[in-house]
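Trainee: Give the three-dimensional model of this entry:
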Amino acid sequence: MKAIWNGAVIAQSDDTVVVEGNHYFPENSLNRDYVTFSNHHTMCSWKGQASYYSLLVNGEMNTDAAWYYPDPKPEADNIKGHIAFWKGVKIEP
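Mentor: Numbers count the residues shown, from 1 in each chain. All right, here's what the predicted structure looks like:
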């Protein structure tokens, strides 16, 4: 699977975890050249607190377009160390 935004491959892996229709990519598959800091957080009742990254590709910013759970609740332990995408990031085989 590939996560693509603004013509760039943000992450690529044959080993994603699908939760609630979202592909979670292993952290080591992330192309860090396109990832920048975000201080945004949200809370999921069963997964825990999510942290976010923004994407910066070809001078364009996609704020809070990637999320991950640094310390997920036990029910969501299978996505620890994984990152998912939204906000126009295309997930393709």
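Trainee: How many residues are close by residue 31?
Mentor: The number of residues packed around residue 31, counting by other Cβ atoms under 10 Å, is 14. The C-beta positions use only the backbone N, C-alpha and C, and glycine is treated the same way.
Trainee: Now do it against residue 73, distance only.
Mentor: For residue 31, the distance to residue 73 equals 28 Å [Cβ to Cβ, to the nearest Å].
Trainee: Check residue 18 too.
Mentor: Per Cβ to Cβ, residue 18 is found 18 Å from residue 73.
Trainee: Likewise for residue 88?
Mentor: Applying Cβ to Cβ, the value for residue 88 to residue 73 is 28 Å.
Trainee: same question, residue 14
Mentor: Computed as Cβ to Cβ, the residue 14 to residue 73 distance reads 27 Å.
Trainee: buried stuff in stretch 36-45?
Mentor: Neighbour counts over stretch 36-45 (16 or more other Cβ atoms under 10 Å) mark residue 38 as buried.
Trainee: distance between it and the chain's centre?
Mentor: Stretch 36-45 sits 11 Å away from the centroid of its parent chain (Cα atoms, centre = their mean, to the nearest Å).
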